[in-house]
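Peer 1: have a look at this fold, sequence not included:
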């Protein structure tokens, strides 16, 4: 199976290793990520203004590129996933946005939201299957207690993203079980880390991260995993208890026995 792949800015610059882990894991699991040509930044934040069109155009270009190849579009970053999926919903259901975007882009065939957008985790859950992943794990994290940190962007707004239950998600806990570890459920796993205020309000963001880390540690977690590069950055700056935080693709590649290939690539 081949998917159109939108890596986004962070995973193409500061976090290349996380992208490499995802690609290696995909190969080990039998599917391919075909990077979209000449993709542009999604903007990182979904524009709330009804009349804001220009900042949505890069997402529409990516969505249309996947449509032209007849492929589903996969993202690895929760911010990219959030923006692109919400723009896709606009193109399906908001006539004014659809008309104006197509007028700007002058596509040979107007785009109307035909592409299906998936987060990499959804590919693991809904296309590969966690039971199949379990069979391919060669280095299980047996006995490790891992807390899942969801943050905000994967889950909300629930009716549009339809990723998981926004109040009581379970996909990352199922992922943790698939790689052989024990998931730790704790109260702050889908609370905001202060991502978008981390530069302007550093102290507030730091306190928010410390609360998350303390919550996870208090319920027995030895480490956290996340699916958002900004959450990863923020949580790793926390001084609450020194608990390590990893991107989920790092642990997946390690469990599948392909992380060393990435390190030597």
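Peer 2: Good, I have the coordinates. Remember, it's a predicted structure, so these values are computed and weren't measured experimentally.

Peer 1: switch to C-alpha atoms for all contacts and neighbour counts from now on
Peer 2: Will do.

Peer 1: can you get me a residue count around residue 185?
Peer 2: Residues within reach of residue 185, counting by other Cα atoms under 10 Å, total 20.

Peer 1: identify the residues contacting it.
Peer 2: Contact analysis of residue 185 by Cα atoms under 8 Å, 6 or more residues apart in numbering lists 147, 148, 216, 219.

Peer 1: what's the farthest-apart pair in those?
Peer 2: Checked with Cα to Cα, the contacts of residue 185 reach their widest spread between 148 and 219, with 11.9 Å between them.

Peer 1: what touches both of these two?
Peer 2: Residues touching both residue 148 and residue 219 (Cα under 8 Å, 6+ apart): 184, 185.

Peer 1: and these two? which has more neighbours close in?
Peer 2: Higher neighbour count among residue 148 and residue 219: residue 148, with 29 against 14, using other Cα under 10 Å.

Peer 1: from residue 231, how far out is the more buried one?
Peer 2: Distance of residue 148 to residue 231, computed by Cα to Cα, to the nearest Å: 12 Å.

Peer 1: swap in residue 126?
Peer 2: Taking Cα to Cα, one finds residue 126 at 24 Å from residue 231.

Peer 1: so which of those two has more stuff around it?
Peer 2: Neighbour count, other Cα under 10 Å: between residue 126 and residue 231, residue 231 has more, with 25 against 11.

Peer 1: ok, that one touching residue 196?
Peer 2: No: if you go by Cα atoms under 8 Å, residue 231 and residue 196 don't touch, sitting 9.8 Å apart.

Peer 1: give the rounded mean pLDDT of the strand or helix carrying residue 3.
Peer 2: Assigned by DSSP states H and E, residue 3 belongs to strand 2-6. The average pLDDT for strand 2-6 rounds to 98.

Peer 1: in terms of secondary structure, what does that strand contact?
Peer 2: Here strand 2-6 touches strand 32-35, helix 57-69, strand 73-75, going by 3 or more Cα pairs under 8 Å, 6 or more residues apart in numbering; DSSP states H and E.

Peer 1: what do you get if the cut-off is 10 Å, keeping everything else the same?
Peer 2: With contacts defined as 3 or more Cα pairs under 10 Å, 6 or more residues apart in numbering; DSSP states H and E, the packing partners of strand 2-6 are strand 32-35, helix 57-69, strand 73-75, helix 78-93, strand 117-119.

Peer 1: pick the most buried one from the ones you listed.
Peer 2: strand 73-75 (a mean of 27; mean count of other Cα atoms under 10 Å).

Peer 1: report the mean per-residue pLDDT for it.
Peer 2: 98.
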